[in-house]
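In: Take this sequence and fold it.
(one chain, ligands or ions: 1)
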Amino acid sequence: MSSLAETRILNIEKIRDEFPVLHQLVNGKPLVYLDNAATSQKPKRVIKALTDFYECYNANIHRGIHTLAEKATKAYEETRLAMQQFIHAKHIEEIIFTRGVTESINLVAATYGRAFLKEGDEVIISGLEHHSNIVPWQIICDEKKASLKIIPITEIGEMDLDVYSKLLSSRTKIVAVNHASNSLGTINPIKEVITLAHNFGAVVLIDGAQSSAHLEIDVQDIDCDFYCISSHKMYGPTGTGILYGKKNLLERMPPYMGGGEMIKDVTFAKTTFNEIPYKFEAGTPNIADVIALHEAVNFIKELGKENIAAHESELLQYASEKLSNLPSVRLVGTSKNKVSVQSFVIEGIHHFDVGQMLDTRGIAVRTGHHCTQPLMERFGIEGTVRASFAVYNTKAEIDLLMEGLQRVISFMNNK
Ligand code: C6P
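Out: Below is the predicted model of the structure:
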């Protein structure tokens, strides 16, 4: 049993020691980092993997036969295996490295969408989606004269599945929804969403940006067709992530970008393409960050996702209860089934003012529309204050957030 996780109880102080960035003063106060849904902090082992690569074996991959190139290639491919195991994919070639969720969704829209959507077809997304799971579908639907249908969201921030089942028809070709909402935290019933879509022969893409650090992911069990992950939201580096796709679909899809590595043979008359996953990995990839992502996977595995989720849901419950007891605070997103994200508004105080005043106390939260403008419109607001928790956060930090909010409220009310 590791020292970070002892029989289901996480040693949070030890875990915090792994994150150098947490141990600093911001505006003269100890940093309280509650913006983990935007990006999580990185443990030492991830940072060390990056410096090790550049100090010891920086080389391009898949091309050289010299020792450094072979070492870099091996480490890069070991992350592919780690990600295959992390999401329980059947085949290793179903894991494609991308820059993250945004690129993964764009890849599917631009290749699968362009190849298989026809005039009159329909794509379904939900009202909970991040702009990166809206705009690529708008672009391809415009191009192919297909239409985009939206699953409405209930008052507590859940998808309305009754309406969803009525939206589905033989015209539905793609359904794209998130596993967990970045703005509200809602965990969506994706297995049900997928089964219903498959009954009509549609393929389903799941945006896993907000689930990968918190929830077990088994792509074979849920039977999704595509699953997208960003490394930086799961303690890994920025600039990398994966697209999982079922082998038979990836094989049928045209390439996304042309260039080195994605080809078998090139003549001026004709090019033949490489096998998957390389068909979708044109050019020199983000080698160092992919290699360091492996350490993020190891970190999560060592702690155990169940243990992480248990700690975070305790934090979420603690924060939500305290927040709802503050005067003039209204929670936005109150589904029972949530990852550790709590959005709220304070009547009469703009969210940017709240964020700025909290920052003067060293407290980092996100404010605004969180790249989900249609969702904000659904709730008749411009934006929220969002506190999002990771495994290294503590109840003491939530107490500091509450103290800060009380000060904001009394200051603004007495102005
Ligand atoms: N959400 C947030 O503060 P990228 O930027 O490609 O790594 O991830 C995009 C993305 C897609 N889907 C969801 C559900 C997301 O939460 C995000 C990123 C961050 O909420 C930055 S906007």
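In: separation between Thr51 and Glu77?
Out: 21 Å (C-beta to C-beta, to the nearest Å). Just so you know, the C-beta spots here come from the backbone N, C-alpha and C atoms, and that holds for glycine as well.
In: wait, Gly404
Out: Distance of Gly404 to Glu77, computed by C-beta to C-beta: 46 Å.
In: out of these two, which sits in the more crowded spot?
Out: Between Gly404 and Glu77, counting by other C-beta atoms under 10 Å, Gly404 is the more crowded of the two (21 against 16).
In: average pLDDT for the one helix or strand that one maps to?
Out: Mapping Gly404 onto the secondary structure by DSSP states H and E places it in helix 395-413. Predicted confidence along helix 395-413 averages 96 (mean pLDDT).
In: how about the CA coordinates for it, as PDB?
Out: These are the backbone C-alpha positions of helix 395-413, laid out as PDB (Å, rounded to 0.1, in the frame of the first residue of the first chain):
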ATOM      1  CA  LYS A 395     -12.000  21.700   4.400                       C
ATOM      2  CA  ALA A 396      -9.700  24.300   6.000                       C
ATOM      3  CA  GLU A 397      -9.400  25.900   2.500                       C
ATOM      4  CA  ILE A 398     -13.200  25.800   2.100                       C
ATOM      5  CA  ASP A 399     -13.400  27.700   5.400                       C
ATOM      6  CA  LEU A 400     -11.100  30.300   4.000                       C
ATOM      7  CA  LEU A 401     -13.300  30.600   0.900                       C
ATOM      8  CA  MET A 402     -16.300  31.100   3.200                       C
ATOM      9  CA  GLU A 403     -14.500  33.700   5.300                       C
ATOM     10  CA  GLY A 404     -13.500  35.500   2.000                       C
ATOM     11  CA  LEU A 405     -17.100  35.400   0.700                       C
ATOM     12  CA  GLN A 406     -18.500  36.800   4.000                       C
ATOM     13  CA  ARG A 407     -16.100  39.700   3.700                       C
ATOM     14  CA  VAL A 408     -17.100  40.300   0.100                       C
ATOM     15  CA  ILE A 409     -20.800  40.300   0.900                       C
ATOM     16  CA  SER A 410     -20.500  42.600   3.900                       C
ATOM     17  CA  PHE A 411     -18.100  45.000   2.100                       C
ATOM     18  CA  MET A 412     -20.300  45.200  -1.000                       C
ATOM     19  CA  ASN A 413     -23.500  45.700   1.100                       C
END
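In: now for it, which elements pack on it?
Out: Helix 395-413 is packed against strand 32-33, helix 305-324, strand 341-346, helix 351-359, strand 363-364, with contacts defined by 3 or more C-beta pairs under 8 Å, 6 or more residues apart in numbering; DSSP states H and E.
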